[in-house]
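> Based on what follows, work out the 3D shape:
(chains A and B)
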Amino acid sequence: MNSLRYIKDLLHRNRYRYVLGVIFLLCVDTLQLVMPKVLESATDLLEEGTLTRNSLAVHAVALLIVSVGIAVFRFLFRYTLYGVSRSIEHTFRNRLYAHLQKLSANYFNTHKTGDIMAHVTNDMNNVTMATGQGVIFAVDCLLMPAASLVMMLQTGGLRLTLASFSPILVLGVLVFSYMKLMQGTVQRQQEAFSDLTEAARENFSGIRVIKSFVREKHQAELFERVNETNRRANLRFIRLMSLMFPSVMLISSLSFVIALWYGGILVIEGSVSLGGFVAFNSYLGMLIWPITALGWVANIFRRGSVSLDRINALMDEKPEIADKPGAIPLMIPGTAGRAGKTRAIEFRNLTFRYPGSSEPVLKDINLSVDHGKTLAIVGRTGSGKSTLVNLIPRILPAPEGTLFIYGRDINDISLSSLRSNIGFVPQDTFLFSDTVKNNIDFYRGFSTEETENAAKTAHLYNDIMEFPHKFDTIVGERGVTLSGGQKQRTAIARAVIGSPPILILDDCLSAVDTRTEEAILRELKELMKERTCIIVSHRISAVRDADEIIVLDEGRIIERGTHGSLIEQKGYYNDLYTRQLLADEIEEAE
Amino acid sequence: MADDNGRENEAFIEEELQVKAYDFRLLKRLLGFAARYWYLFALAVVFLFASTAADLARPYLVGVAIDDFIKKGDIASLGRTGVFFLLLVISGFVFNLLQIYVLSYAGQSIILNIRQKLFEHMQRLPLSYFDKNPVGRLVTRVTNDTEALNEVYTNVLVTLLKDFAILGGVVVIMFRLDVKMTLVSLAIMPAVIVLTVFFRRRIRKVYRNVRTSLAKINAAISENISGMRIIQLFNREKENFERFDRTGREYYKAAMSEIITFGLFRPAVEMMSFIALSLLVWFGGLEVLEGTLQFGTLYAFTNYISMLFHPINDLAEKYNILQASMAAAERIFLILDTPAEDDSGKLSIPDGIKGEIEFRNVWFAYNEGDWVLRDVSFTVPAGKTVAIVGATGAGKTSIISLLSRLYEIQKGEILIDGINIRDIRKDDLRRMISVVLQDVFLFSGRLKDNIRLNEESITDEKIREATRYVNADGFISRLPKGYDTEVMERGATFSAGQRQLLAFARALAFDPKILVLDEATSNIDTETEMLIQDALTRLTRNRTTIVIAHRLSTIQHADKIIVLHKGRVRESGTHQELLARRGMYHSLYLLQYQKQEPSSSSERLH
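As a prediction, this is how the structure comes out:
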């Protein structure tokens, strides 16, 4: 497949800017080639003795004009070409980010944040380098030597050109073979550095064991070994580099020696003018840098294309959960007085397994929640509770024909209408490093009053009032650090604001103390009256008033009923109940 | 999981400290590390001057060749000049090579030393420091930040010197060649200086904007990836995209102003050099016309001008590099200045120590005022086993850390054989105690290295003995490579039970007087469970043991049980005594342990 598939249109859209930039660049190059010509002409006139004050002034002014021209066009090409690469970068990064937003929870569960970060930062950077600097250098490195060579031929003749150019050919070969040699060295250097990183990481992660067993000295010795290996790898790299650049200088100087000696003879013989000799030397100087940089240009493009392939792989990732063509919005019948008359959520024979795993997490789930009713789910860790509730907002994909929301297969409902009707409090609270207000309102445009009410419902209002900037306090490392309970309550406020018709609480009170939990539950009960609710919890107090309670075990519903009927069944639920009574008793003891 | 990732990424997004590039306090400390290698630096400087001299001589030589030989048609002398030029080039090459090599050797050695020093210092920081700082950030200090310092030693210190040498050398040679022409060439310099000073300020600002806006993008990406599920759940894709776009736009603007600033600075400096060249052509040409100046000298001057402008061109870049390394230095010194754990105890452990433990009115808090242990007192007679039980959050696990002084208590005393542990040398104290934690940490390397923890005095035979004693030899010998098996993925290939047995073997191999252990709560298959319980009985025999107990069999075998509740000792006594009392232990027993009684069922609470 075409590597450029995700940026082709961007390159195409910017084609005029590229052409313009390259033209500017060519102007600079041409003017640079003119410069020695001016010097040549002045020298020759001087030699011939025909140089006058006036013609000298013309030459000086010509030089000045050329130099202003170079400066202006240099600015223009830099602005145009680097600018193009930056604007492509901006759009491309946005594209990548927009794509990430479409990927499902599963993708993020199976891919490390650090790796994804690397694509959006390092890889993107490499692509930008290739589309900007790479283009500039490529043009420069291919055109300048060619043009310089032509000018050399024209001013110094074939023999002088060949004689002084031959070492540069060697230089070209040398640079390329260096690059090959470098690859191995660079790789070893990177390995040494990553060993160093890993040694430090392991040490700091296991610092407890190291301290407990008094292994500091030994760990330091181990570290010294990788540290030393790293130094050696670095030195090997430096040795190669320190050989490379002076070698370039040496070989290019050889060219100059030849130009000086042989060119000098030619001047003496009269077959080349002194001016030609001076100009020839300048052209030779212009040749050296681009030839040296050729290997580097190749490197920029190679790195750029490797990075682009990695980004492409990420862009190719198909969103697992997306709107079907012709997805319909979720219609929820008028709320008043319909409690219990409509099926809000219904699971029909649902079996669910995570992609790539053969063992189902949920087996034969048959379950329905009527409009306005409350379902509670209890069960051991890993019994499938979270998986079950995450199917409802389609964070996880339910198979066709197994999950229905208000009578519609969930896969036929448009994602945005489904999710905007659900208030979800996830198990692991995630807040953004933003203000408390923005974390609750979450840019949905609720009024201040609504935000405050949500905070009150979640029993967070009083806490917020004690924060330095009230609702405008920033949470997280750069602002106040919230306690686990405060975080959970913020997440609750975020979910209940705007009274969504469906409310899902996934074990969201675990970090809240018993007393606050009861207070929140009281508030929520008020809220839940007219709403369809699903509560996952370990605590009897949170689930006992639900219209139906189910017990999940290894993905199956093993008990179901109301609090009273489950107690009578004397199964898992009853067990949980008695143990909780004991635990409360212990908790209460002072 | 999400949280872990977030912490790892903090290293990525951390904003840079704003430090001055020429912070003399920092420079002085950095130079302190270089002092040991002063002779290498001296050598590098000598080489540097030699190679600079060779570079500087070249235009002069070409000038001479033009004036004295080419123009006079002296082919023989031209040939000699060619040879001389060649020698100059080669010696320049050699000196340059030597200079770079000596200097980078010194630089790399200094980095090695700083890194080692930093690493060793970090190891001695109190455990609470590691609680507060994510591992990723600490790793960055030891790896990338120290690497960045390299620039100070190799790039800045010496290249700066080289730049000055070139500038000085060029000016001296120019003056010796022709005073008037020198003044003409330097006429532009005041303008160049003004330009550089002006741009340096802009460039600094521009760079800072680029860096901070890039940090913002990285932070936004990292946060949005970690919170993606929330964004999707609440349908906030559009809004978050818009905000991401705004952050990106900010970066774009900063990058564009960087392009403009550099786009102006570079050509401006270049133009200045061309203006100098034009002036030279004009005034020099006039002089040549009048016959007061040789053409070759004029030619040499044109070359010297470009040499003069070369260092000015990448001044801004060097400044930026220096600033980044200074920020890194600041972060490194911040750690080096963090006091290491207190180890003022002087006493060594006498040989005949019995290992009796006493907690006397111990108060402890991880965070000031937030007491985890309140006035806890108990004793463990030498050779006996005490089990500590309690609900979660009772403060049990903190006891493990306190005995080996991984954390310091705020009030009270902890005594071993009547000696306050604060008076004992920390190394000795910790050698006397083996700790087995719930989460067994395995290092990369061979299995046997994980047991002996690279302590060479522990022989393979002793390892075998230890593993046999704690029933770990069974599964180890079934591994294809046995004791030489490499631990992969932090030990994820071993089951929880196997890891527990390895930890037992590790503890035993060090043959401690005192054993402190936190029993694993995770599900362990019945067979391994039996091995563990059997090993535990043997391990604790005649050894002073404190165990945070989760298993009924463990508490039943304990000589004494201490019930901890909300940081206080509620009850203590033997299993039978406590059950008979029908107090909190009785409730706890019913809650946590009773279910284990009929068989050794694997299910456990907390």
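
> from here on, contacts and neighbour counts on C-alpha atoms
OK.

> Next one: the nearest residue to residue A:6 once chain neighbours are set aside from residue A:99, what distance?
Distance criterion Cα to Cα, 6 or more residues apart in numbering or on different chains; nearest residue to residue A:6, sequence neighbours excluded, is residue A:312 at 7.2 Å. According to Cα to Cα, to the nearest Å, residue A:312 and residue A:99 sit 11 Å apart.

> Please say which of the two ends up with more neighbours.
residue A:312 (19 against 16; other Cα atoms under 10 Å in any protein chain shown).

> re the thing from before, next one, pLDDT for the residue nearest to residue A:6 please.
With respect to pLDDT, residue A:312 has a value of 90.

> Tell me which helix or strand it sits in.
Assigning secondary structure by DSSP states H and E places residue A:312 in helix A:274-316.

> What helices and strands are in contact with that helix?
helix A:15-48, helix A:124-129, helix A:135-205, helix A:216-269 (3 or more Cα pairs under 8 Å, 6 or more residues apart in numbering or on different chains; DSSP states H and E).

> quick one, which of these is packed in tightest?
helix A:124-129 (a mean of 22; mean count of other Cα atoms under 10 Å in any protein chain shown).

> how distant is that one from the center of its chain?
Its chain's C-alpha centre and that of helix A:124-129 lie 13 Å apart, by Cα atoms, centre = their mean, to the nearest Å.

> again with stretch A:524-539
Remark: stretch A:524-539 is offset 37 Å from the chain centroid, using Cα atoms, centre = their mean.

> Also stretch A:474-492?
Averaging C-alpha positions (Cα atoms, centre = their mean) puts stretch A:474-492 25 Å from its chain's average.

> which residue is nearest the centroid of chain B?
residue B:142 (2.2 Å; Cα atoms, centre = their mean).

> Work out for me the element residue A:6 sits within.
With DSSP H and E as the test, residue A:6 turns up in no helix or strand.

> That one: how many residues sit nearby?
17.

> do residue B:39 as well
So residue B:39, with other Cα under 10 Å, has 12 neighbours.

> how far away is it from chain A?
19 Å (Cα to the nearest Cα, to the nearest Å).

> Same check on residue B:198?
18 Å.

> Extract the residue ranges of chain B that are flagged as low pLDDT.
B:1-22, B:316, B:392-393, B:489, B:520-524, B:593-606 (pLDDT under 70).

> Tell me where the longest helix sits in it.
Across chain B, the longest stretch assigned as helix under DSSP state H is helix B:237-290.

> Pull the distance from that helix to the chain's centre.
Relative to its parent chain, helix B:237-290 has a centroid offset of 37 Å by Cα atoms, centre = their mean.

> quick one: contacts for the nearest residue to residue A:45 once chain neighbours are set aside?
Leaving aside its chain neighbours, residue A:45 sits nearest to residue A:51 (4.8 Å; criterion: Cα to Cα, 6+ apart). Residues near residue A:51 by Cα atoms under 8 Å, 6 or more residues apart in numbering or on different chains: A:42, A:45, B:289.

> quick one: which of these is nearest residue A:226?
residue A:42 (61.6 Å; Cα to Cα).

> isn't the closest one right up against residue A:61?
No: between residue A:42 and residue A:61 there is no contact under Cα atoms under 8 Å: 11.8 Å.

> follow-up on the earlier one: which member of the contacts of residue A:51 is positioned nearest residue B:462?
Relative to residue B:462, and with distances defined as Cα to Cα, the nearest of the contacts of residue A:51 is residue A:42, at 89.8 Å.

> Common neighbours of residue A:312 and residue A:99, please.
Counting by Cα under 8 Å, 6+ apart, no residue touches both residue A:312 and residue A:99.

> shouldn't residue A:324 be in contact with residue A:410?
No: judged on Cα under 8 Å, residue A:324 makes no contact with residue A:410 at a distance of 10.5 Å.

> So between those two, which is more surrounded?
Set side by side, residue A:324 and residue A:410 show more neighbours around residue A:410, with 28 against 12, by other Cα under 10 Å.

> Give me the spatial nearest neighbour of the more buried one, chain neighbours excluded.
Nearest one to residue A:410, counting by Cα to Cα, 6+ apart, is residue A:404 at 5.3 Å.

> Rounded mean pLDDT for the helix or strand hosting the one you found, please.
Secondary structure from DSSP H and E places residue A:404 in strand A:403-405. Across strand A:403-405, pLDDT averages out at 89.

> Cool, thanks, talk later.
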